[in-house]
Each structure stands twice: as structure tokens, then as C-alpha cells.
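In: What follows is a predicted structure for the sequence shown.
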Amino acid sequence: MKRSFVRKFLSGLKKLLSKENNWTFLQPLVHSLDYCVKCQLCNDSCPAYIASGKQEIYRPTFRPEVLRRIINKHLKKESGILAKLTASNIELSFTLLARLAELAYRCTLCRRCAQVCPIGVDNALISREIRKLFSQEMSIAVKESTNRYGSAVEGGLQHRYHAKGTCEHRCLHGGRYRGEDG
Ligand code: SF4
Ligand code: SF4
């Protein structure tokens, strides 16, 4: 089961990085993965990082770095000196992927990090793409804790579409999340 989980993840990752399956977000995703210079200027703008007591794993750039290394090693098949230079020696395991999913859902998608990034890297988009992979390929999504009136709902956290510009949660689609109330 764990192996099939890893297989599904890799297959979903290939889709995320293919024009045929992800033409709308491929370019900003690749830009954000490839051009971060790791200056860490975005750290202090991140509410998740601050709320964690500035734990390393909640830095805005931590989850993109994990994803980047997985791509370099398991899709681009970097090895030898190149893998050392890009620090791509990362083993793909169920545990690693479970942690990556947790990190992606800790991100609030607020995009404060993107607003301060001098080169326009959008780590929220990366979190959202990781969530998309987990939800669409492995049916993993966290339960929504409240609806827009503050009461508990049982449904999964999903985009169900909606009128553009009515997003209370500032989702990247410019729409809004809808709970049970419609
Ligand atoms: S995302 Fe932008 S601000 Fe943050 S470390 Fe990368 S380049 Fe610097
Ligand atoms: S979008 Fe995510 S990583 Fe960026 S500042 Fe908000 S919580 Fe932090």
C-alpha cells in the first residue's frame, strides 16, 4: 500500500509538471521552483512560520525545497556530482510524503510570502499544487473545520466553483471555498 502511495505521488507529480495536464499553472510553478534564491526574506511574513515559533520546517521555502529535491532525484534522475550540487539525495518514502502533505496543509495560502519576494516566487502556489496532487491523485484532503458562518462542517476541503471574485479565503482561483451551505 505504501509503495502504491509513492507510485501515485510520482505519477501525479509528472502530471503537475506536464503541459497537457497542467497548462494553467505549469509556468508559475516551474518559475517558483527554479528561481528562488533562498534569501529567506519571506520568512517573517509567514503566519504559519511565526505561529510555529519559527520552526525550520514551517519556513515558506521548506516545502518547495522538499518538492524540488524529489523532482531532481526522481523525475530528472540527477545523480553523482550534480545530485550533490543540487542537494537532491532524498529518499522517497510514505513518511516523507505524509510530512509533505502536512506541510502543504499548514500553509494558509495567504500569499504574504509572495508579496515580499523580490523575484515573484509564489510559495503559496506550490503549496496549492501539492495539495492538488494529494487530493486529486490520492484523495487526501483535510476536513474543513468551519464554514463561512463559523460552524463546523464535515465536508473535505475542496474547491467547488463559484462566482469569480467572491472568495472569502483568498484562494488562488479567485473564487471561494464552499462548505455545506452551498
Ligand atoms: S521565495 Fe523569494 S523571498 Fe523567499 S527565499 Fe525565495 S527568493 Fe527569497
Ligand atoms: S502562503 Fe503559506 S508559506 Fe506563504 S506566507 Fe502564507 S502561510 Fe506562509
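Out: Perfect, thanks for sending it. Numbers count the residues shown, from 1 in each chain. Ligands and ions are numbered 1, 2, ... in the order given.
In: C-alpha only now, for contacts and for neighbours.
Out: Fine.
In: Next to ligand 1, which bits of the protein? Give me the list.
Out: Within the chain, the positions near ligand 1 by C-alpha under 6 Å from any ligand atom are Cys36, Val37, Lys38, Cys39, Gln40, Leu41, Cys42, Cys117, Pro118, Val121.
In: ok, and the most crowded of the residues you listed?
Out: Val121 (26 neighbours; other C-alpha atoms under 10 Å).
In: show me the contacts for that one.
Out: His31, Ser32, Leu33, Tyr35, Cys36, Ala114 (C-alpha atoms under 8 Å, 6 or more residues apart in numbering).
In: One more: Phe5?
Out: Phe94, Met138.
In: Doesn't it belong to a helix?
Out: Yes: Phe5 sits within a helix when classified using DSSP: H, G, I helix; E, B strand; the rest coil.
In: how much space between it and ligand 2?
Out: 25 Å (C-alpha to the nearest ligand atom, to the nearest Å).
In: With adjacent residues omitted, what lies nearest to the residue nearest the centre of the chain?
Out: The chain has Ser127 as the residue nearest its centroid, 1.7 Å off, counting by C-alpha atoms, centre = their mean. In space, and not counting its chain neighbours, Ser127 is closest to Ala104: 4.8 Å by C-alpha to C-alpha, 6 or more residues apart in numbering.
In: does that neighbour sit in a helix or strand, and which one?
Out: Assigned by DSSP states H and E, Ala104 belongs to helix 94-106.
In: Just give me how far that helix sits from the chain centre.
Out: Averaged C-alpha coordinates place helix 94-106 at 10 Å from its chain's average position (C-alpha atoms, centre = their mean, to the nearest Å).
In: Could you point out the helix or strand that follows it?
Out: Next element after helix 94-106 (DSSP H and E): helix 112-116.
In: so what does the helix holding Ala104 touch, helix or strand wise?
Out: Judged by 3 or more C-alpha pairs under 8 Å, 6 or more residues apart in numbering; DSSP states H and E, the packing partners of helix 94-106 are helix 2-16, helix 62-70, helix 123-138.
In: Would you mind extracting the C-alpha trace of the first one into CSV?
Out: What it means is helix 2-16. Below are the C-alpha coordinates for helix 2-16, written out as CSV (Å, rounded to 0.1, in the frame of the first residue of the first chain):
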residue,chain,number,x,y,z
LYS,A,2,2.8,2.4,0.9
ARG,A,3,4.6,1.6,-2.4
SER,A,4,1.5,2.3,-4.4
PHE,A,5,1.1,5.6,-2.5
VAL,A,6,4.6,6.6,-3.6
ARG,A,7,3.8,5.5,-7.2
LYS,A,8,0.6,7.5,-7.3
PHE,A,9,2.5,10.5,-6.0
LEU,A,10,5.2,10.3,-8.7
SER,A,11,2.5,9.8,-11.4
GLY,A,12,0.7,12.9,-10.1
LEU,A,13,3.9,14.9,-9.9
LYS,A,14,4.6,14.1,-13.6
LYS,A,15,1.1,15.4,-14.4
LEU,A,16,1.7,18.6,-12.4
